[in-house]
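S.K.: Need coordinates for the below:
(one chain, ligands or ions: 1)
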Amino acid sequence: MSNPPAADPAVAVDGLVMRYGEKVAVDALSLVVERQTITAVLGPNGAGKTTTLETCEGYRAPQHGSVRVLGLDPVRDRTDLLPRIGVMLQGGGAWSGVRAMEMLRHVARLHANPLDTDQLADRLGLGDCGRTPYRRLSGGQQQRLGLAMAVVGRPEIVFVDEPTAGMDPQARRATWELLEELRHDGVTVVLTTHYMDEAERLADRIHIIDHGRLIASGTPLELTRGGADARAATIRLVVTRPFPPGSPESLRRALGVGAEVTLLDELSLVLSGPADASTLAKVSVWCEENDVLPESLSLGQRNLEDVFLELTGRELTP
Ligand SMILES: Nc1ncnc2c1ncn2[C@@H]1O[C@H](COP(=O)(O)OP(=O)(O)OP(=O)(O)O)[C@@H](O)[C@H]1O
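M.R.: Alright, predicted model coming up:
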């Protein structure tokens with residue numbers, strides 16, 4: 001007896017190219033989002049995250065390549081797909097004069113089997129502002145209402161663009177908990193963010209994009225543990241006077257095989273590779289030989305910011 005065919009992935013983007021005039025916003029991007037995961041698309045401002053999401057949501061047709069969501073074409077099969085997806089837009093998506101709870105109840109009525117709107121509003125701390133017109137809500141409240149509108153119809157997949165931008169820490173935590181609960185209930189969550197802590201805390205899988213291209217994919221652990229070297233960590237060196245010319249190269253030579261040195265600015269650099277006492281000792285000796293006075297020399301667990309820096313030579317959050 002043959003096995004049943006595997007279900008289509010939640011999202012399959014294949015060779016997607018999107019341009020605005022001359023500007024290439026998405027550059028031959030391919031990625032897959034497995035069902036019932038939280039998947040983060042991480043990248044700096046302008047990386048092409050929103051454009052990619054809008055294409056998955058059917059707001060834009062692919063100019064080249066293809067996009068499938070739950071096995072369907074988001075533009076051609078829009079009518080079939082719409083009841084099965086939830087979308088939280090960066091701009092909110094509510095009318096400016098409508099009261100918060102009216103808006104949420106209106107969206108709930110569009111769905112066959114919506115969540116309880118009062119419970120959902122309470123979960124997201126919207127209970128106190130239910131009668132407030134949308135335009136008078138704070139940025140964080142608008143975000144939370146947008147999230148409630150995206151999930152109230154019990155979608156199979158929810159796209160959330162920068163879900164916690166502008167939220168206070170308590171609202172951020174409530175949002176994270178709601179997204180984790182959705183995944184627990186079998187919903188696929190695709191979120192964009194440029195907060196690494198959000199991606200590291202929430203995501204089962206992370207796709208890092210830069211200039212419209214996929215530059216790395218993996219679980220948070222796969223990305224941060226540095227491939228095969230489980231000891232990989234990051235050493236930061238901050239100095240009191242600008243580094244002498246050629247410092248990154250000379251330090252790399254001093255440290256030997258496997259070390260990466262990236263100059264952040266004239267007073268700081270990061271090293272990645274084996275992080276142990278011997279490396280720290282070599283850095284100290286190099287400082288002495290090159291008349292460099294350290295202000296701080298620290299060793300920390302490699303995080304997604306370090307991964308991005310190594311891949312691009314730039315900081316994710318400048
Ligand atoms: N409507 C538009 N017209 C022209 N250029 C656009 C338009 N929308 C986006 N762009 C450009 O396309 C590139 C990708 O933008 P996009 O919004 O997809 O990136 P992003 O990763 O979501 O950024 P952010 O984190 O700032 O939201 C950027 O250079 C942006 O300036």
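S.K.: who's in contact with stretch 285-295?
M.R.: 237-241, 243-244, 247, 250-251, 254-255, 267, 284 (Cβ atoms under 8 Å, 6 or more residues apart in numbering). For the C-beta atoms, the positions are set from N, CA and C on the backbone; glycine is no exception.
S.K.: Compare these and tell me which has the most neighbours.
M.R.: Most neighbours among the contacts of stretch 285-295, by other Cβ atoms under 10 Å: Leu237, with 25 neighbours.
S.K.: any idea whether it is helix, strand or coil?
M.R.: Secondary structure, DSSP: H, G, I helix; E, B strand; the rest coil: Leu237 is strand.
S.K.: Return the set of residues that bridge with it.
M.R.: Per DSSP bridges, the residues bridged to Leu237 are Leu269, Leu297.
S.K.: And the helices in the stretch 201-318 of the chain?
M.R.: For the stretch 201-318 of the chain, the helices defined by DSSP state H, counting those that start in this stretch cover 220-224, 247-255, 277-289, 304-312.
S.K.: okay, these, which one's buried deepest?
M.R.: helix 304-312 (a mean of 20; mean count of other Cβ atoms under 10 Å).
S.K.: Include distance to Val67 and mean pLDDT when you put the helices of the stretch 201-318 of the chain into CSV, please.
M.R.: What follows is the helices of the stretch 201-318 of the chain, written out as CSV (distance: least, Cβ to Cβ, whole Å; pLDDT from 0 to 100):
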stretch, distance to Val67, mean pLDDT
helix 220-224, 24, 86
helix 247-255, 40, 92
helix 277-289, 44, 90
helix 304-312, 25, 81
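S.K.: Using JSON lines, lay out those together with distance to Ile208.
M.R.: Output for these, formatted as JSON lines (distance: least, Cβ to Cβ, whole Å):
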{"stretch": "helix 220-224", "distance to Ile208": "7"}
{"stretch": "helix 247-255", "distance to Ile208": "23"}
{"stretch": "helix 277-289", "distance to Ile208": "26"}
{"stretch": "helix 304-312", "distance to Ile208": "6"}
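S.K.: who wins for proximity to the ligand among those?
M.R.: helix 304-312 (13.2 Å; Cβ to the nearest ligand atom).
S.K.: and that closest one, what other elements does it pack with?
M.R.: Counting contacts by 3 or more Cβ pairs under 8 Å, 6 or more residues apart in numbering; DSSP states H and E, helix 304-312 packs against helix 196-202, strand 205-210, strand 213-218, helix 220-224, strand 260-265, strand 268-273.
S.K.: Quick check: which of those is buried the most?
M.R.: Taking mean count of other Cβ under 10 Å, strand 205-210 is the most buried of these, at a mean of 23.
S.K.: roughly how far out does the host helix or strand of Arg144 sit from the chain middle?
M.R.: Using DSSP states H and E, Arg144 sits in helix 139-151. Here helix 139-151 is found 18 Å from its chain centre; the criterion is Cα atoms, centre = their mean, to the nearest Å.
S.K.: Please work out the angle formed by the directions of the helix or strand following it and helix 139-151.
M.R.: Sequence order places strand 157-161 as the next helix or strand after helix 139-151, per DSSP H and E. Relative orientation of strand 157-161 versus helix 139-151 (axes from the mean of the first three to the mean of the last three Cα atoms, to 10 degrees): 160 degrees.
S.K.: Tell me which strands strand 157-161 pairs with, and in which orientation.
M.R.: Paired neighbours of strand 157-161 in the sheet (DSSP bridges): strand 85-88 (parallel), strand 188-193 (parallel).
S.K.: anything in that strand near the ligand?
M.R.: No. Strand 157-161 does not reach the ligand (Cβ under 6 Å from any ligand atom); its nearest approach is 7.3 Å.
S.K.: And for stretch 304-318?
M.R.: No. For stretch 304-318 and the ligand, the contact criterion (Cβ under 6 Å from any ligand atom) is not met; the two come no nearer than 10.8 Å.
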